[in-house]
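# show me how the following folds:
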Amino acid sequence: MVNPLEYGKKFLVWWKKMQPSWRASGPEAILSPLRDMPTGKTWQAIRKGGTAGVYTVVMGLSWWIMAQHIERDANAWSVVDDLTWVIQQMKKDMPLPPPTQKRAHEGEDEDEGQQVKRYVSCPYFDAVY
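Here you go, the predicted model:
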């Protein structure tokens, strides 16, 4: 069970720590970080794949929202709005991935018919999945 009030406080601190330093605007920045990206700044601090990145933020945020049974916490929905904006901004700065080609037996070793683990580089989050 998640206590939405306690979890929300911890989530907000964690979300703030993940942000690039240019988004900080004082103590109130935890709920309203800056949205004017200075020239030459990047999203590298938050553009990560796997369990260290945006996927974990989305999952954690979903737990906070699902824990709200009766009363909706406006702070959680502020983070939903901010995360949506962050993802849109990261997407703007990313090149389109090259087109892929399907293989006849994708994921299988053709000689033995066994599953083979494949790693794919994700250009969106500078990580390997």
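# okay, stretch 50-64 in CSV with CA atoms only?
In CSV, the C-alpha atoms belonging to stretch 50-64 read as follows (Å, rounded to 0.1, in the frame of the first residue of the first chain):
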residue,chain,number,x,y,z
GLY,A,50,15.9,1.6,-18.3
THR,A,51,15.4,1.7,-14.5
ALA,A,52,17.4,5.0,-14.2
GLY,A,53,15.3,7.1,-16.4
VAL,A,54,11.9,8.2,-17.6
TYR,A,55,10.3,4.8,-17.5
THR,A,56,10.8,4.7,-13.7
VAL,A,57,9.4,8.2,-13.4
VAL,A,58,6.3,7.2,-15.3
MET,A,59,5.9,4.0,-13.1
GLY,A,60,6.4,5.9,-9.9
LEU,A,61,4.0,8.6,-10.9
SER,A,62,1.4,6.0,-11.8
TRP,A,63,1.7,4.4,-8.3
TRP,A,64,1.2,7.9,-6.7
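# give me the mean pLDDT for it.
For stretch 50-64, mean pLDDT rounds to 87.
# list the buried residues of that stretch.
Neighbour counts over stretch 50-64 (16 or more other CB atoms under 10 Å) mark Gly53, Val54, Val57, Gly60, Leu61, Trp64 as buried. No exception for glycine: its C-beta is placed from N, CA and C like everyone else's.
# next: stretch 13-22.
For stretch 13-22, by 16+ other CB under 10 Å, it's Trp15, Met18, Gln19, Pro20.
# next, give me the two most distant ones among those residues.
Farthest pair in these (CB to CB) is Trp15 and Pro20. Separation: 12.3 Å.
# please flag which of the buried residues of stretch 13-22 sit within helices.
For the buried residues of stretch 13-22, the ones inside helices are Trp15, Met18, with DSSP state H as the criterion.
# which one among the buried residues of stretch 13-22 gets closest to Gly8?
Closest to Gly8, out of all of these and judged by CB to CB, is Trp15, at 10.2 Å.
# not counting sequence-adjacent ones, nearest residue to the closest one?
Closest residue to Trp15 apart from its sequence neighbours, by CB to CB, 6 or more residues apart in numbering: Val79 at 6.0 Å.
# what about Lys92, distance to Ile65?
Distance of Lys92 to Ile65, computed by CB to CB, to the nearest Å: 26 Å.
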